[in-house]
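Undergrad: here is my input, please return the structure:
(one chain, ligands or ions: 4)
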Amino acid sequence: MTSFDLHTHSTASDGTLPPAQLVEQAASAGIAVLALTDHDTLSGIAEAQRAAAAHGITLWPGVEVSVTWKRLTVHIVGLRVDPENRALNQGLAGLQEFRQWRALEIGRRLEQKGIVGAFAGAQALANSALISRTHFARFLHQHGYAKEERKVYQHYLTHGKPGYVAGEWATLDDALSWIHAAGGQAVVAHPARYRMTRTKLKQLLKEFATLGGAGIEVVSGSHGPQESATLAQLAGEFGLAGSIGSDYHGPEGSGLELGHLPPLPSGVRPIWQPVE
Ligand code: AMP
Ligand code: MN
Ligand code: MN
Ligand code: MN
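TA: Numbers count the residues shown, from 1 in each chain. Ligands and ions are numbered 1, 2, ... in the order given. You can find the predicted model right below:
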């Protein structure tokens, strides 16, 4: 059985492995088809494609697009996109501009609370790739503001906390139109992570399916078996395919590993299977 991992990050966004090393690790973990899906950028794809050719695995160009839907941040993964597509690249350029502004604003707000140098620190950790909250979390953790990196989010970077800046990302409609313009398939990333009510989640999936969305991550590094079972059922209800993605960010991360995901529950149509 071919092994798929269709949601991963590199140093092009907030992962810690450069694209070529990520691909090398995926190949040694036995992954046959890997999607590189950095946040709001395609800048790691070319390097990943060269490495995939060298290691004899298949690389699907992808991207994880940040979306604001009903004032919530939702992530939409685009799979098998044309990385040269103009509409997609222009759309992502707008999100990158917002990220840069937001990073400066997060830095200003933390500075008002006496935390000096967070913007410069996060920017240095991002190493001229785009800046995400992950880089602020790493900086604040390294400077002793929290014992664990994930605790930084709840104390500094989420709603109501000093360094929080509300997202003004793409609309769901725009995200899907960019992905479709680039010939890709749209997939709702880690649906159980949003902690939406079932009603809200169904509303999202209904809109998503109406806009031509292809699938949802039924198996994700951030889902347990019970959540996968619920999502398998919802995929069927909305005529959506299922995808599998670890959301891997690097070896030092939250214990998530490449190539250790369970298979899709039976009855779910895989996103990689052509529609009859
Ligand atoms: P951003 O897109 O810049 O707002 O950053 C979001 C990223 O931060 C996610 O993709 C995760 O990698 C990371 N992140 C957000 N919240 C948490 C959390 N509670 N624990 C660990 N990582 C988080
Ligand atoms: Mn991330
Ligand atoms: Mn995500
Ligand atoms: Mn992700």
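Undergrad: ok, Leu104 - how many residues close by?
TA: Neighbour count for Leu104, taken as other Cβ atoms under 10 Å: 14. (Glycine included, C-beta is placed from N, CA and C.)
Undergrad: try Arg198
TA: Arg198 has 9 neighbours, counted by other Cβ under 10 Å.
Undergrad: ok, now the one 5 residues further on?
TA: A total of 14 residues lie near Gln203 under the criterion other Cβ under 10 Å.
Undergrad: and it, what element?
TA: Element membership for Gln203, per DSSP states H and E: helix 198-210.
Undergrad: buried ones in that helix?
TA: Judged by neighbour count using 16 or more other Cβ atoms under 10 Å, the buried positions of helix 198-210 are Leu201, Leu204, Leu205, Phe208, Ala209.
Undergrad: which other helices and strands does the helix or strand just after it contact?
TA: Using DSSP H and E, the next helix or strand after helix 198-210 towards the C-terminus is strand 215-220. Applying 3 or more Cβ pairs under 8 Å, 6 or more residues apart in numbering; DSSP states H and E, one finds that strand 215-220 contacts strand 185-188, helix 225-237, strand 241-245.
Undergrad: what does the helix holding Gln203 contact?
TA: 69-70, 74, 172, 176, 186, 188, 191, 194, 196, 213, 216, 234, 237-240 (Cβ atoms under 8 Å, 6 or more residues apart in numbering).
Undergrad: find the centremost residue of the chain, please.
TA: For the chain, the residue nearest the mean C-alpha position is Glu64 (4.2 Å; Cα atoms, centre = their mean).
Undergrad: could you give the angle of the strand or helix carrying that residue to helix 198-210?
TA: Assessed by DSSP H and E, Glu64 sits inside strand 58-69. Interaxial angle, strand 58-69 versus helix 198-210 (axes from the mean of the first three to the mean of the last three Cα atoms, to 10 degrees): 120 degrees.
Undergrad: buried set for whatever helix or strand Leu104 lives in?
TA: Taking DSSP H and E as the criterion, Leu104 maps to helix 86-112. Judged by neighbour count (16+ other Cβ under 10 Å), helix 86-112 contains these buried residues: 88-89, 91-92, 95-96, 98-99, 102-103, 106-107, 109-110.
Undergrad: likewise stretch 224-239?
TA: Buried, per 16+ other Cβ under 10 Å, within stretch 224-239: Glu227, Ser228, Thr230, Leu231, Ala232, Leu234, Ala235, Phe238.
Undergrad: check contacts around the second one.
TA: So that's Ser228. For Ser228, the contacting residues are Val218, Val219, Ser220, Pro262, Pro265, by Cβ under 8 Å, 6+ apart.
Undergrad: report the secondary structure state of the residue nearest to Leu125 when sequence neighbours are not counted.
TA: Spatially, and ignoring its direct neighbours in sequence, Leu125 is nearest to His135 (4.5 Å; Cβ to Cβ, 6 or more residues apart in numbering). What DSSP: H, G, I helix; E, B strand; the rest coil gives for His135 is helix.
Undergrad: tell me how far His135 lies from Ser243.
TA: 27 Å (Cβ to Cβ, to the nearest Å).
Undergrad: who has more neighbours out of the two?
TA: Legend: neighbour count by other Cβ under 10 Å for His135 and Ser243, higher for Ser243 (29 against 24).
Undergrad: could you pull up the residues touching the residue lying closest to the residue nearest to the centre of the chain once chain neighbours are set aside?
TA: Nearest residue to Glu64, sequence neighbours excluded (Cβ to Cβ, 6+ apart): Thr37, at 4.5 Å. Applying Cβ under 8 Å, 6+ apart, we find Thr37 in contact with Leu6, His7, Thr8, His9, Gly62, Val63, Glu64, Val77, Gly78, Leu79, Gly245.
Undergrad: alright, that wraps it up for me.
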